[in-house]
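Trainee: Need the 3D shape of this:
(chains A and B)
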Amino acid sequence: MSTDTTISQRPTPPSYEVPKAIRYGALTVGFLVLVIFPLVFNNPTISTIGVFAMIFLMAVTGWNIFSGYTGYIALGHAVFFGIGQYATAMLASYWQIPPGWETFLLIPVSMFLAGLAAIPIGLIVLRVRKHTFIVLTIALMFIFQLFAYNLRGWTGGSQGLEVSQPPWDGSIFNLPYYYVGLFLAIIAIVTSFMIRRSKFGLSLLAIRDDEDRARSLGINTRNSKLTAFVISAIFLGAAGCMYAMFVGSVYPQFSFDPAFDLELSIMAFAGGLGTILGPSLGALIISGAQQYFLITFGGANVFLIVYGALFILILRLLPGGVVPAISDKWRSHVVRKEQRILDSELEGPAEAGAHK
Amino acid sequence: MLVLQAIIEGVLVGGFYALMAAGLTLVFGVMDIVNFAIGALIVLGAYLSYSITTHFHIDPFVSLIFTTPLMTALGMFIYVFLIKPIKTNKVVMSLLTMFAVATLIEGILDICYNSGFVQIHASYINNSLRIGKLNFPLIYVLSFLLSAFLLSCLYLVTYRTKFGRSLRASMQNPVAARLVGIDTDRVSMITLGIGIGLAAIGGMIFGTTNAFNASSSYDIISRLLVIVILGGFGSVGGALVAAIFMLVIQDVVAVVWSPVWGSTAFYMILMLVLLVRPQGLFGKKGVRAQ
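Mentor: Residues are numbered from 1 along each chain as shown, chains lettered A, B, ... in the order given. This is a model prediction of the structure:
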């Protein structure tokens, strides 16, 4: 483009991304902090917060695989969360699984069932787009809530179901849940990363940007959307199973809870919708703050107000989320530095000439 | 006889849902906003009427004189401070904002009124109207009449006034409307005001016919959304037909089968219809937007 030789002399074109060293360094530090967290803070109250954070970490990462990448904001993923919970509670009593390590074997079963349920649900809801899609997913959640209330023989109706908890000592009770949760959350994040870097992930991003154009380029949009939907449902199923095991009871109004979807979307929006690690960051911060508030103030109503206000603030002040805001800052920093180099290069020879 | 009674009751209750769905559709048509907060706002309207009637011993229908302007102002406030600043990805962002508003209102109501169920009281609330062998609660008939009256007012406003003409223009094509000199921001603000003002009236109707608490909003919003999707987004006529149709079906199923399955039938019909017609019964097929 430019005939100016001083520009072509520069060895490498500048990268506008945050350098790999910083990114992977931060990632490693974060990972290590998560690993040693319950060992340092072995107070059960604090590690309970950690377990909930892990559950939300995998749930929001799963949610982001579908909603973040395709741009279809699903507000009914509580359906799969609830399916995971009910599957755990019902199967644990049906197979008479003794409380203890064996209950963790229900996680893959719940994942499978949630994924299976996602296929027909996805086929119905993915026929529509935009607002109709959002509204339809909400309606779907209410359908499942009604089923949970009405099919009393299986779900216990409004009485709910119990999941008996293992007789572990209080000081180490949270640890297995925490580490299994962390393991599953990391699987979710790695899956999310691999999808984002694959051709399949690109097709999802193309759907987000312009679905009709993506279709005209030969992407099978229906299958791509459905696959992403099922994958995200699988992680929600795992989160539901963990939640039911850890909390020990399952009720229709808490399993299929509209507030749960609000939580997921706040976390994703706060961290950065559609980025790989943004939602995880949002999950850790917000679910931590949530549990802290719940313990300090008690009562769900204060909490609803805090949530609503927080969400409005995030949407107003930081519509892109934290992670995109950071990379934007970095990009403008790099651009400014480049500009300074260019300026000095252009000015340098001219000044030298003037001196002669 | 029971079935006939159920059908007529379905129509009577359907009037309330038709009015609310019309407000929802109108707001959606003008500014592409799914007003998810409408459920919480209806409950807010119900609580306002409840407070006024219990503290000042005023008839609930008279309390509307106070609550409606208040809620209309609230609607305009929400538009100016929350909806208007949204610049990108309007459809999703505004829906999430409204979702957040709904949560906020629910939390506040829960603190102010505790979570016990209440009902707006008036001396004639338990009276009923007898026609032949059929018995109807008087309050159902009154609220149906009020809804029908307001719907016809809404019709007159949209089709017979200058404001209505700018409203319809903004619905058809906002860009062209702005080109011919319509202040679409003002139209949007007033429309959201009307939509939320209607929620005050709907709240009074809901509060006199049902016992409610702060979390009743989910029950209302889920039904309204089903009605609006079924009728086709943006179609007022579709919303009316869908409201009456769904409530009649629900009441008939409740009588013939069991009340427990009434609302499930409601949702199952939605799924079945959407399998055949994804755009709803009266909706137009989506045109590609650039």
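Trainee: how about the strands in the stretch 101-250 of chain B?
Mentor: Assigned by DSSP state E, counting those that start in this stretch, the strands in the stretch 101-250 of chain B fall at B:128-131, B:134-137.
Trainee: Among these, which comes closest to A:A233?
Mentor: strand B:134-137 (43.9 Å; Cβ to Cβ). For every residue, glycine as well, the C-beta is placed using N, CA and C.
Trainee: any idea of the mean pLDDT in the closest one?
Mentor: Confidence over strand B:134-137 (mean pLDDT, whole number) is 78.
Trainee: So which bits of that strand are buried?
Mentor: Using 16 or more other Cβ atoms under 10 Å in any protein chain shown as the burial criterion, the residues of strand B:134-137 that qualify are B:136-137.
Trainee: Could you tell me which other helices and strands it packs against?
Mentor: Packing partners of strand B:134-137 (3 or more Cβ pairs under 8 Å, 6 or more residues apart in numbering or on different chains; DSSP states H and E): helix B:2-31, strand B:128-131.
Trainee: That strand pairs with which strands, and in what direction?
Mentor: strand B:128-131 (antiparallel) (DSSP bridges).
Trainee: quick one: contacts of the strand it pairs with?
Mentor: B:135-138, B:141 (Cβ atoms under 8 Å, 6 or more residues apart in numbering or on different chains).
Trainee: Same list, the strands of the stretch 101-250 of chain B, but as JSON lines with distance to A:L140 please.
Mentor: As requested, the strands of the stretch 101-250 of chain B are exported to JSON lines (distance: least, Cβ to Cβ, whole Å):
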{"stretch": "strand B:128-131", "distance to A:L140": "37"}
{"stretch": "strand B:134-137", "distance to A:L140": "33"}
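Trainee: shouldn't A:L226 be in contact with A:I119?
Mentor: Yes. In this structure, A:L226 is within contact of A:I119 by Cβ atoms under 8 Å, at 7.2 Å.
Trainee: neighbour count winner among these two?
Mentor: Shown here are A:L226 and A:I119; by other Cβ atoms under 10 Å in any protein chain shown, A:L226 has more neighbours (18 against 12).
Trainee: quick one: the helices in the stretch 1-150 of chain B?
Mentor: B:2-31, B:38-56, B:60-78, B:90-113, B:138-160 (DSSP state H, counting those that start in this stretch).
Trainee: swap in the stretch 151-300 of chain A?
Mentor: Under DSSP H, counting those that start in this stretch, the stretch 151-300 of chain A gives helices at A:152-155, A:174-196, A:199-209, A:211-216, A:221-247, A:252-255, A:258-271, A:278-297, A:300-317.
Trainee: Run through the neighbouring helices and strands of the longest one.
Mentor: In this structure, helix A:221-247 makes packing contacts with helix A:44-63, helix A:69-70, helix A:78-94, helix A:106-125, helix A:174-196, helix A:199-209, helix A:211-216, judged by 3+ Cβ pairs under 8 Å, 6+ apart.
Trainee: now that helix, how far from the chain's geometric center?
Mentor: Relative to the centre of its chain, helix A:221-247 is centred 11 Å away, using Cα atoms, centre = their mean, to the nearest Å.
Trainee: ok, back up a step: adding distance to A:I314, write the helices and strands packed on helix A:221-247 out as JSON lines.
Mentor: Listed next are the helices and strands packed on helix A:221-247 as JSON lines, based on distance: least, Cβ to Cβ, whole Å:
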{"stretch": "helix A:44-63", "distance to A:I314": "14"}
{"stretch": "helix A:69-70", "distance to A:I314": "20"}
{"stretch": "helix A:78-94", "distance to A:I314": "20"}
{"stretch": "helix A:106-125", "distance to A:I314": "26"}
{"stretch": "helix A:174-196", "distance to A:I314": "21"}
{"stretch": "helix A:199-209", "distance to A:I314": "20"}
{"stretch": "helix A:211-216", "distance to A:I314": "26"}
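Trainee: Turn those helices into TSV, including mean pLDDT and distance to chain B.
Mentor: Listed next are the helices and strands packed on helix A:221-247 as TSV, based on pLDDT from 0 to 100; distance: least, Cβ to the nearest Cβ, whole Å:
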stretch	mean pLDDT	distance to chain B
helix A:44-63	87	14
helix A:69-70	90	12
helix A:78-94	88	12
helix A:106-125	89	6
helix A:174-196	89	20
helix A:199-209	89	11
helix A:211-216	88	6
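Trainee: Where does the prediction get shaky in chain B?
Mentor: Across chain B, the ranges flagged by pLDDT under 70 are B:283-290.
Trainee: ok, 90 please
Mentor: B:1-39, B:49-67, B:78-148, B:150-188, B:190-191, B:194-195, B:198-200, B:202-290 (pLDDT under 90).
Trainee: circling back: I'd like to know which of the helices of the stretch 1-150 of chain B is closest to chain A.
Mentor: helix B:90-113 (3.0 Å; Cβ to the nearest Cβ).
Trainee: Summarise which helices and strands that closest one is packed against.
Mentor: helix A:130-150, helix A:258-271, helix A:300-317, helix B:38-56, helix B:217-231.
Trainee: Could you check stretch B:81-96 and say which residues are buried?
Mentor: Buried, per 16+ other Cβ under 10 Å, within stretch B:81-96: B:82-83, B:86, B:91-96.
Trainee: B:L129 and B:Y17, how far apart?
Mentor: B:L129 is 21 Å from B:Y17, where distance means Cβ to Cβ, to the nearest Å.
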